[in-house]
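In: starting from these lines, generate the structure:
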Amino acid sequence: MLHTPAGAEHGRIAPSSERVAEYVEHYWWARWSLESAQATQVLSYPSVHVVFEGTTASIVGVVRAKFVRELVGRGEVFGIKFRPGMFRPFSEVSSHALTDKTLPLGRELGKPGLVGEVLAQGSSLQRAAVVERALERVLPGAPPADALVARRLVERVRSDPSLRSVGSLVAACGLSERALQRLFREFVGVSPKWVVRRFRLQEAAELLATAKETVASVAARLGYFDQAHFTKDFKAVVGRTPSEFLAQSRSP
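Out: Just a heads-up that it's a prediction; the model follows:
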């Protein structure tokens with residue numbers, strides 16, 4: 001998360017079921033009490049979320065731009081973050097059809113009364129328990145093989161800083177570039193290039209915020225030979241230039 005305003009808090013809850021954990025990275029919650037409107041900003045991951053808020057639930061596809069939401073007054077949200085590629089088994093449409101969209105939750109997680117049951121719970125732990133029981137009832141016998149391949153490839157990109165291009169991912173996984181593109185479109189919702197770029201730029205933001213490095217050294221570490229290109233990519237994702245982000249992150 002790039003920015004959480006004072007007066008807002010958030011947390012995560014890990015799945016307790018091993019079967020559910022194949023599909024769900026974590027449950028999450030956020031609540032706020034603010035006298036004036038403030039913005040929260042997040043660098044989104046290539047994951048689909050199901051979000052419960054107010055009296056409704058929504059499917060939120062991968063958000064390609066920086067996610068910004070204005071918070072005001074009092075509010076609370078509970079969500080499910082699916083692992084990359086792992087919402088597709090619950091959906092009638094490809095993950096690409098959900099990208100940059102927010103759609104009403106239908107019967108993807110089972111009975112229509114689930115929304116009311118979740119929102120009636122008094123705590124995030126209780127909500128997580130209700131959702132987990134619902135997921136257990138609708139899980140397929142085994143995760144689809146292609147969904148698992150997509151998930152593992154995204155996880156590999158996230159954990160391996162040496163994967164800096166689609167070409168390096170193609171070489172590492174053994175799939176053709178066209179097959180990789182089709183797999184990511186169907187199960188992840190965004191292209192391999194977007195995934196590689198997003199994780200490397202998230203890595204850059206973390207380095208600039210926490211390490212004693214310069215913009216030039218971070219750009220070089222991520223394989224950028226042209227600092228102007230790095231600055232353009234970083235600003236497109238984060239909304240600020242690396243120098244602006246560095247100054248704000250390290251200011252008292």
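In: may I have the helix ranked longest in the chain exported as CSV, CA atoms only?
Out: Assignment by DSSP state H gives helix 192-210 as the longest helix of the chain. C-alpha atoms of helix 192-210 as CSV (Å, rounded to 0.1, in the frame of the first residue of the first chain):
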residue,chain,number,x,y,z
PRO,A,192,3.0,-11.4,-18.8
LYS,A,193,4.6,-8.1,-19.7
TRP,A,194,2.3,-6.2,-17.3
VAL,A,195,3.0,-8.7,-14.5
VAL,A,196,6.8,-8.5,-14.9
ARG,A,197,6.7,-4.8,-15.1
ARG,A,198,4.4,-4.4,-12.1
PHE,A,199,6.5,-6.6,-9.8
ARG,A,200,9.8,-5.0,-10.7
LEU,A,201,8.4,-1.5,-10.2
GLN,A,202,6.9,-2.6,-6.9
GLU,A,203,10.4,-3.8,-6.0
ALA,A,204,11.7,-0.4,-7.1
ALA,A,205,9.3,1.4,-4.8
GLU,A,206,10.2,-0.8,-1.8
LEU,A,207,13.9,-0.2,-2.5
LEU,A,208,13.5,3.5,-2.7
ALA,A,209,11.4,3.6,0.5
THR,A,210,13.6,1.4,2.6
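In: now that helix: average pLDDT?
Out: Mean pLDDT, helix 192-210: 89.
In: domain assignment for the protein?
Out: Residue ranges for the domains of the chain, per automatic domain parsing: 8-138, 145-250.
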